[in-house]
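Asker: This is the structure alone, sequence omitted:
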């Protein structure tokens, strides 16, 4: 947890006190996706600590192999340390029509640096998170890439399938909260600058948003990106 996160938690606590009760934060959904048929609730199958399958709209995510998270920690002395973590996961995405599924093999990596500040306060910087996926589908190959933007540190990236390319950007803005959270609540997906999808990847009310007017290949790419982002662990 970094200092920004701690400050936001304090602000959130004050918000709860003033409101006399707390509710889970929900991401701000672009106006283009606040239309009938765009919002798809995510249903999970599995145990308390694992997910065997997910369903949203006509899509089914199955054969989920959520591998172990490996970690390598180095002590840099004087109260500072560095931890490199890796999380590998695989899944298949299919439609209810039963066509040959897309397959994705993904790897998330994170570098976390801990240092002691004046007064013994720990500052934890975990801005080095990246995710890459190799995708194969009925019509060809593709990839997903997600990494921090150079200046802001906000997670951005893209998904490419055949000749199609969609951009991905983390969404930190929450409904009815006056501050932006340091950790993303979800992601916004665009094609040629136009919003075509989104995914709320945090909280109990997980949702995928797909623009109903988008062409089928675009909708499938949004579904693929959403599945990868929903299964991606905050390591």
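Answerer: Alright, I've got the coordinates. None of the values given here were measured: they were computed from a predicted structure.
Asker: Surely residue 217 forms part of a strand?
Answerer: No. In this structure, residue 217 is helix, not part of a strand, as judged by DSSP: H, G, I helix; E, B strand; the rest coil.
Asker: Count residues in the vicinity of it, would you?
Answerer: Neighbours of residue 217 under the rule other C-beta atoms under 10 Å: 15. For glycine as for every other residue, the C-beta is placed from the backbone atoms N, C-alpha and C.
Asker: Which strands or helices does the longest strand seen in the chain pack on?
Answerer: Looking across the chain with DSSP state E, the single longest strand is strand 59-77. Helices and strands touching strand 59-77, by 3 or more C-beta pairs under 8 Å, 6 or more residues apart in numbering; DSSP states H and E, are strand 53-56, strand 80-95, helix 216-231.
Asker: Need the winner for burial among the ones you listed.
Answerer: Comparing the helices and strands packed on strand 59-77 by mean neighbour count (mean count of other C-beta atoms under 10 Å), helix 216-231 ranks first with a mean of 24.
Asker: Measure how it sits relative to strand 59-77, angle-wise.
Answerer: Orientation check (axes from the mean of the first three to the mean of the last three C-alpha atoms, to 10 degrees): helix 216-231 against strand 59-77 gives 40 degrees.
Asker: where along the chain do the helices fall?
Answerer: Remark: helices assigned in the chain by DSSP state H are 3-19, 216-231.
Asker: Out of those, which gets the lowest mean score?
Answerer: Ranked by mean pLDDT, these bottom out at helix 3-19, which scores a mean of 38.
Asker: for this structure, where's the lowest mean pLDDT among helices and strands?
Answerer: Sorted by mean pLDDT, DSSP states H and E, the helices and strands of the chain end with helix 3-19, the least confident at a mean of 38.
Asker: on that earlier part again, including distance to residue 25, could the helices and strands packed on strand 59-77 go into JSON lines?
Answerer: Below are the helices and strands packed on strand 59-77 laid out as JSON lines (distance: least, C-beta to C-beta, whole Å):
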{"stretch": "strand 53-56", "distance to residue 25": "20"}
{"stretch": "strand 80-95", "distance to residue 25": "24"}
{"stretch": "helix 216-231", "distance to residue 25": "17"}
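Asker: how about these, which one is nearest residue 161?
Answerer: Closest approach to residue 161 among the helices and strands packed on strand 59-77 (C-beta to C-beta): helix 216-231, 5.1 Å.
Asker: I figured residue 158 was touching residue 147, is that so?
Answerer: No. In this structure, residue 158 is not within contact of residue 147 by C-beta atoms under 8 Å, at 10.3 Å.
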